[in-house]
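*Asks:* could you work out the structure for the sequence below:
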Amino acid sequence: MAGRIRAEDVQAVKERSSITDIVREHVSLRPAGIGSMKGLCPFHDEKTPSFTVRETVGAYHCFGCGEGGDVISFVQKIDHLTFAEAVERLAGKLGMELRYEEGGGPRDGVGLGKRGRLLEAHRAAAEFYHERLLGSPEARIGRDFLRERGFASPEAKLFGIGYAPRGGEELARHLRAKGFTDDELTIGGLCGKGSRGLYDRFRGRLVWPIRDITGDTIGFGARRLWDNDRIGAKYLNTTETPIYKKSSVLYGLDLAKKSIRDERLAVVVEGYTDVMAAHLSGVEGAVATCGTAFGADHIKVLRRIVRDEADQAPAKVVFTFDGDKAGQEAAMKAYAQDDKWASQSYVAVAKDGMDPCDLRLREGDLAVRELVADAVPMFEFAVRTTLGRFDLDTAEGRVRAMGAVAPIINSIRDSALRPEYVRTVAGWVGVEVEQMREAVTRAGRIQARDEAKGEHRTQVDAPEPTAAEAAGGVPAPDLRDPVVLTERQLLQSMLQHPSLFTSQDLDEVDPQGFSAPAHRAVFDAIRSVGPLVEGLTQTAWHARVDEATPLAASALLAELSVAPLPVVHDSSTGLPPPHYTRSLLVRVREVALQHRIAEATSRLRQLDTDPQSDPDQRRQLGQALYDLQRQRAALREEAQ
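*Replies:* Take a look at the predicted model:
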């Protein structure tokens, strides 16, 4: 039975793991003020970045969808892991040995969770296949296939290409000998189970390891080599598994992500050898889908890397397609997704319809680079492809063609470009510019009408609650109230810069002075932990506050830990001005005093109107009210 990971080891994993580095494996981040980084949220679709990471606190928060937490919760959510599996995954990256309570050991006996076991099985399978490709006489057919396409041993090693033996059980025997169970091999898609037992999923094929963005092998793509292959499909891919979802996987992304991030250019090709040819030609941002059309989930993956943000110069995404009918259909499917990102989409089609692999073979590396450089806007390709369906030599064909391409012109995001495209497309169709303009205007009216209907439906639907509103029924703080806004900023300062606050500061603040219950819960957690003391890192301090915070306020805690303060920080220290935090403390303390003064005043009025009230009680309450008013006056003087 697996034991529970020791609390001190969990804390050590938190402290040693850089949340910025972990998040950067999935999201392109840019500076967003001192100590903060920002990017597009990996948990929901957005065009303007609202996902914030603060390294010193070890926390992240998205101001769009409300997701937030520490480095462990990020790995849990991004990779769909349990808490223990996330800790084990991070520990594996650190090379750290975990200890377990109650004499137990790690899950599945090897220090990895279920996902880790599947990843380890795929890593071992990739090594097995690659060794067979390089050393097995049977694999000569695979080596010849690669050599004919311009790839030798160094390229096979770079991309991890392998060969699956024809025997049908060699991989199964190899992985069993390494301790993997039949269930692990079948669940991971490496083997199948028939009437005679376990058999290899891929047999007699050249195999490409499909890796996730971090470089872990999560599946394989396999090409037929032998004429007598009983499975007719030219390509086979790993079936859907707990670690392999083809709709969101891009082959080559692990190698391409740095180039895509730095150059803000992604190149989408159609096959594994095309990715290889592009990378070897100098187009290092090339990726390919795995047995499925390019879709919305692929866009989400690329957008997070390419920094596809509305407030930046547009990134560039180039699609390479064959010039045949299937290639045109694939391009049009990609164009249908164009409104899902701010990037500028282009299409590159080589002469004679060659793919990048054939182009490199015939004309060299430069030709592949020029193919990408000479790509035409996706809009232009879509228009020309659409016009190709009509006979433009007839009046009827031209009229129908205008009606078909007018919505495409109207969909151009930059309205300033539309007049020029109207003139250009009018020439392609062979009609007067005014005729084309009228068709586009008509298409615009239809689109506006449809959008208006969509807006009406959206307005009558209730908005989704935020994470803070949904958690445990605690109402979200009303930031329209200036007092609540002050409370928020004080908590932000305490969480992000705990070194600025002493025990006396915490003791002098009355928790009842917080108007928002959620704010009060966060402050109670901070006060229970106490100030940041010497020998305690800020990450460890924040983790203790996180543990002391009620679950209902945990989302708010993550938000406050990374939300930027509305004040300029000192460039040398990274801290807000002392007078700013002091004024927040004074204001929150004053509000608490004001509440007590109001309560005392109300009670005194009640006693004054009651003829049976005790005179001594009225005098005591009057003196208490006087003392509270003096404290408020002194506090106001302190603030000046």
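*Asks:* all helices for the stretch 201-350 of the chain, in order.
*Replies:* Here the stretch 201-350 of the chain has its helices, by DSSP state H, counting those that start in this stretch, at 253-263, 272-280, 296-306, 325-336.
*Asks:* would you mind listing the buried residues in the first one?
*Replies:* Taking 16 or more other CB atoms under 10 Å as the basis for neighbour counts, the residues of helix 253-263 that come out buried are 253-257, 259-261. Quick note: C-beta positions are derived from backbone N, CA and C, even for glycine.
*Asks:* stretch 31-43: which residues count as buried?
*Replies:* Those would be 32, 34-42, for stretch 31-43 by 16+ other CB under 10 Å.
*Asks:* hang on, the earlier thing: looking at the helices of the stretch 201-350 of the chain, spot the one closest to residue 435.
*Replies:* Closest of these to residue 435 is helix 325-336, at 24.1 Å (criterion: CB to CB).
*Asks:* can you tell me the closest non-neighbouring residue to residue 618?
*Replies:* residue 607 (4.9 Å; CB to CB, 6 or more residues apart in numbering).
*Asks:* hmm, I typed the wrong one, I wanted residue 428.
*Replies:* In space, residue 428 is closest to residue 387, 6.2 Å off (CB to CB, 6+ apart).
*Asks:* if I pick that neighbour, what's in contact with it?
*Replies:* Contacts for residue 387 (CB atoms under 8 Å, 6 or more residues apart in numbering) come out as 401, 404-405, 428-429.
*Asks:* determine which two of these are furthest apart.
*Replies:* 404 and 428 (12.2 Å).
*Asks:* if we can go back for a sec, what would the buried residues of stretch 31-43 look like in a markdown table with secondary structure, pLDDT and distance to residue 417?
*Replies:* Below are the buried residues of stretch 31-43 laid out as a markdown table (DSSP: H, G, I helix; E, B strand; the rest coil; pLDDT from 0 to 100; distance: CB to CB, whole Å):
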| residue | secondary structure | pLDDT | distance to residue 417 |
| --- | --- | --- | --- |
| 32 | coil | 89 | 31 |
| 34 | coil | 85 | 39 |
| 35 | coil | 86 | 40 |
| 36 | strand | 91 | 36 |
| 37 | strand | 94 | 34 |
| 38 | strand | 94 | 30 |
| 39 | strand | 94 | 29 |
| 40 | coil | 94 | 25 |
| 41 | coil | 93 | 30 |
| 42 | coil | 90 | 32 |
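*Asks:* among the residues you listed, which one lies nearest to residue 544?
*Replies:* For the buried residues of stretch 31-43, the nearest to residue 544 is residue 35 (19.9 Å; CB to CB).
*Asks:* what separation do you get for that closest one and residue 235?
*Replies:* In this view, residue 35 and residue 235 are 48 Å apart by CB to CB, to the nearest Å.
*Asks:* helices and strands around the one helix or strand residue 171 maps to, which ones?
*Replies:* Per DSSP states H and E, residue 171 falls inside helix 170-177. With contacts taken as 3 or more CB pairs under 8 Å, 6 or more residues apart in numbering; DSSP states H and E, helix 170-177 sits against helix 114-135, helix 182-187, strand 191-194, strand 197-200.
*Asks:* one step back: which of the helices of the stretch 201-350 of the chain sits most buried?
*Replies:* Per-stretch averages of neighbours, counted by mean count of other CB atoms under 10 Å, single out helix 272-280 among the helices of the stretch 201-350 of the chain, with a mean of 26.
*Asks:* report the contact partners of the closest residue to residue 219 other than its chain neighbours.
*Replies:* With sequence-adjacent residues excluded and distances taken as CB to CB, 6+ apart, residue 219 is closest to residue 238, at 3.2 Å. Residue 238 makes contacts with 189, 201, 210, 218-221, 244, as judged by CB under 8 Å, 6+ apart.
*Asks:* turn those into a markdown table, columns for neighbour count and distance to residue 582.
*Replies:* What follows is the contacts of residue 238, written out as a markdown table (neighbours: other CB atoms under 10 Å; distance: CB to CB, whole Å):
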| residue | neighbour count | distance to residue 582 |
| --- | --- | --- |
| 189 | 23 | 61 |
| 201 | 23 | 66 |
| 210 | 27 | 56 |
| 218 | 23 | 53 |
| 219 | 27 | 57 |
| 220 | 26 | 61 |
| 221 | 22 | 62 |
| 244 | 22 | 55 |
